[in-house]
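K.L.:
my questions are about this predicted structure, shown below with the sequence.
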Number of protein chains: 2
Amino acid sequence: MNNYFTEYENLEVHELMLRDRPRQEAYYNAILKNKELFKDKIVLDVGAGTGILSAFCAQAGAKLVYAVEASNLATKVALDLIDENGLTSVVKVIHSQIEEFVLPATAEKVDIIVSEWMGFYLLHEGMLDSVLFARDHFLKPDGLMFPSECTIFVAPCSVPTLFDYWQNVDGVNMERFASKLRLQKSTRPEIIQLKSNDLLHEGIVFHWMSLLDVNPKDLDEICFKEVVATQIAGKHQGFCIWFEVRFPGEETVVLSTSPHAPETHWKQCVVVLPEDNCETLEEKSPVAFQILMKRSANDARKYNLEVELLDPNVEEHPMPCSCHMTKCILTEAHLKMMDTT
Amino acid sequence: MNNYFTEYENLEVHELMLRDRPRQEAYYNAILKNKELFKDKIVLDVGAGTGILSAFCAQAGAKLVYAVEASNLATKVALDLIDENGLTSVVKVIHSQIEEFVLPATAEKVDIIVSEWMGFYLLHEGMLDSVLFARDHFLKPDGLMFPSECTIFVAPCSVPTLFDYWQNVDGVNMERFASKLRLQKSTRPEIIQLKSNDLLHEGIVFHWMSLLDVNPKDLDEICFKEVVATQIAGKHQGFCIWFEVRFPGEETVVLSTSPHAPETHWKQCVVVLPEDNCETLEEKSPVAFQILMKRSANDARKYNLEVELLDPNVEEHPMPCSCHMTKCILTEAHLKMMDTT
């Protein structure tokens, strides 16, 4: 058993997730407000943890739920939880990695796969691979995935918690300390909660995928290059990355980790710019950048995240672009004219 | 250099302390609102860290401040901070453990020792020993200590974050999980912020000391036995321990880490009772207990904290005692009668 799973044997990790109200409410609503999808269905819960999602599925009317959990939580917690909620006739707890799980010889494949696999900036932890393995091996052709779609967003942002405060700490200038603090933190992205108004742009989609057809190979490297025009003026000090996932059903449920949404334990992932690249931008300033999210060669569960600032004078802008550069203003005017003729 | 000091080379530890507003305000007010105490004085800052307290002292009019710091922050941060605030002529940054520090041969002893040495439940970290070493070696006979007095309080309390929530997590009973979670956490005291109304008693002093005369030996073992009568009804699930420190001066400054005071990074230290010992108490219920805070044999910076529930029928109650046991009601009535005659 490797470290990844033993980490989840720490119950405090689960406490954190179980107290995350937006997370809980999203799964609860997605499952229990779409009971018609679960009624008499066979469900596979990948990485069942404490077993709470399996309990939701049973309560929604599933006839059989396989709760597959690789850590010892399967036997230490999930079995108990299923028992104390009177669901043992529906939920089968299986202590196994999903890759080693086998359906009983006579059993049919499952109608629905449920999983809460998301890590920081969605892909950190790389548990999605296991969910896709489950899809490819155990899901019926017309089966459903809960969640079914994921989107990753990015936006230029201010990071006041790192940059403000230090000019005057009770009458003492601590700029140089702050500078070293940022340098110490710059070795990895910051997992922090930004406020809505720290974003200089509402965010653009930098990656979208459907869990029904995405391939693990597609996740080895995600590269995105764009020019965005800031929508408000502010200090450009980093890039904020967040995700949302959507669930199938009449009652559409979206779990968002945006700074606009209520705080979750995922918060946001902020890549902080080196001091020299920070600048105060007016509204409609073009910000050109490239993000590379690449699976680490040493550990498939980890990603290296690289953000490169590019020169907006050189990079191609989207069409239309709302930035204040002359060529974009002209193009926009031209397009508008063509629209009205 | 041992681990204790290298931990403090992590700037994020200092960020946490520097953002702790009650901590900052207490030291700021204690020093800068009592300038008459600092004017033309010689100050020793023990464990100066980033150097901010030394800067306060210089700004308050000290003629010389020794900022002694054992970690490499001395050279990496404090020197810079003193420089960028134009205080190099007053503040001397010294990279040394206080135990190895020597005053220049011709120098006089110091008038004031300033230090922020407090750890969780006051004594954890055991930095106080170094402060007392400094007092014994470098402070003038009539010198001042900032802070000068410390008090540790204890009160029986509820711990809703550990006990509530789990009966019904979105329709799922997670009591057994919660029970295991508490067991996992019970191996060490919880550092958490309670709400005022989680306390079943306003708190009694379980230890008080003056930094002018306390001896490190006095801190090897602190034992306290008491019967307190709850002041409100509630679930007795643990004991909450907190401290306050006081500073000298006309303008009395108290830094309190009580649940009644604004949250600090120290929060409170809660010793959680085993499930079987938890009970719902009425107002005026006697709670008899003994606390033993004992320096660890392996690591003088750490303490073992033991709380033992005692039988209030057997233990001697204070006189008077406001609990609802007959003997105490009678005694109280008797004392009141004597008072009025």
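P.N.:
That came in fine, so what should we check first?
K.L.:
tell me the phi and psi of the nearest residue to residue A:39 once chain neighbours are set aside?
P.N.:
Nearest residue to residue A:39, sequence neighbours excluded (Cβ to Cβ, 6 or more residues apart in numbering or on different chains): residue A:61, at 4.0 Å. Glycine gets a C-beta too; all of them are placed from N, C-alpha and C. For residue A:61, the backbone dihedrals (degrees, to the nearest 10) come out as phi 110, psi 10.
K.L.:
pretty sure residue A:61 contacts residue A:43?
P.N.:
No. The pair residue A:61 and residue A:43 does not pass the contact test of Cβ atoms under 8 Å, sitting 10.2 Å apart.
K.L.:
quick one: which of the two has more around it?
P.N.:
In terms of neighbours (other Cβ atoms under 10 Å in any protein chain shown), residue A:43 is the more surrounded of residue A:61 and residue A:43; the figures are 29 against 16.
K.L.:
and the more buried one, how far from chain B?
P.N.:
As judged by Cβ to the nearest Cβ, to the nearest Å, residue A:43 and chain B stand 15 Å apart.
K.L.:
how is that residue assigned, secondary-structure-wise?
P.N.:
At residue A:43, secondary structure determined by DSSP: H, G, I helix; E, B strand; the rest coil is strand.
K.L.:
quick one: contacts for it?
P.N.:
Going by Cβ atoms under 8 Å, 6 or more residues apart in numbering or on different chains, residue A:43 touches A:54, A:57, A:62, A:64, A:65, A:66, A:110, A:111, A:112, A:113, A:114.
K.L.:
residues touching the closest residue in space to residue A:78 that isn't next to it in sequence, list them.
P.N.:
Nearest in space to residue A:78, with sequence neighbours left out and distances taken as Cβ to Cβ, 6+ apart, is residue A:51 at 3.4 Å. Residues near residue A:51 by Cβ under 8 Å, 6+ apart: A:45, A:67, A:69, A:77, A:78, A:79, A:81, A:82, A:91, A:93.
K.L.:
can you tell me which residues in chain A are near chain B?
P.N.:
Counting by Cβ under 8 Å from any Cβ of the partner chain, chain A comes close to chain B at A:10-12, A:14-15, A:18-19, A:24-25, A:28, A:32, A:50, A:52, A:55-56, A:59, A:76-77, A:80-81, A:84-85, A:165, A:169-177, A:180-181, A:184-185.
K.L.:
what do you get if the cut-off is 6 Å, keeping everything else the same?
P.N.:
Counting by Cβ under 6 Å from any Cβ of the partner chain, the residues of chain A lying close to chain B are A:11, A:15, A:18, A:24, A:28, A:50, A:52, A:55, A:77, A:80, A:84-85, A:169-170, A:172-173, A:176-177, A:181, A:184.
K.L.:
got the domain boundaries for chain A?
P.N.:
A:3-116, A:150-340 (automatic domain parsing).
K.L.:
deepest in the core, which of these is it.
P.N.:
Among the domains of chain A, domain A:3-116 has the highest mean neighbour count (mean count of other Cβ atoms under 10 Å in any protein chain shown), at a mean of 20.
K.L.:
and the gap between residue A:174 and residue B:18?
P.N.:
Here residue A:174 is placed at a distance of 7 Å from residue B:18 (Cβ to Cβ, to the nearest Å).
K.L.:
any stretches of the stretch 101-250 of chain A with poor pLDDT?
P.N.:
Residues of the stretch 101-250 of chain A meeting the criterion pLDDT under 70: none.
K.L.:
per-residue confidence at the closest residue to residue A:250 other than its chain neighbours?
P.N.:
Nearest in space to residue A:250, with sequence neighbours left out and distances taken as Cβ to Cβ, 6+ apart, is residue A:34 at 6.4 Å. As predicted, residue A:34 sits at a pLDDT of 96.
K.L.:
residue contacts, residue A:62?
P.N.:
A:38, A:41, A:43 (Cβ atoms under 6 Å, 6 or more residues apart in numbering or on different chains).
K.L.:
close enough to count as contact, the second one and residue A:109?
P.N.:
Same thing as residue A:41. No. Between residue A:41 and residue A:109 there is no contact under Cβ atoms under 6 Å: 11.4 Å.
K.L.:
so what's the gap between the strand or helix carrying residue A:246 and the chain middle?
P.N.:
Assigned by DSSP states H and E, residue A:246 falls within strand A:238-247. Centroid separation for strand A:238-247 versus its chain: 5 Å, with Cα atoms, centre = their mean, to the nearest Å.
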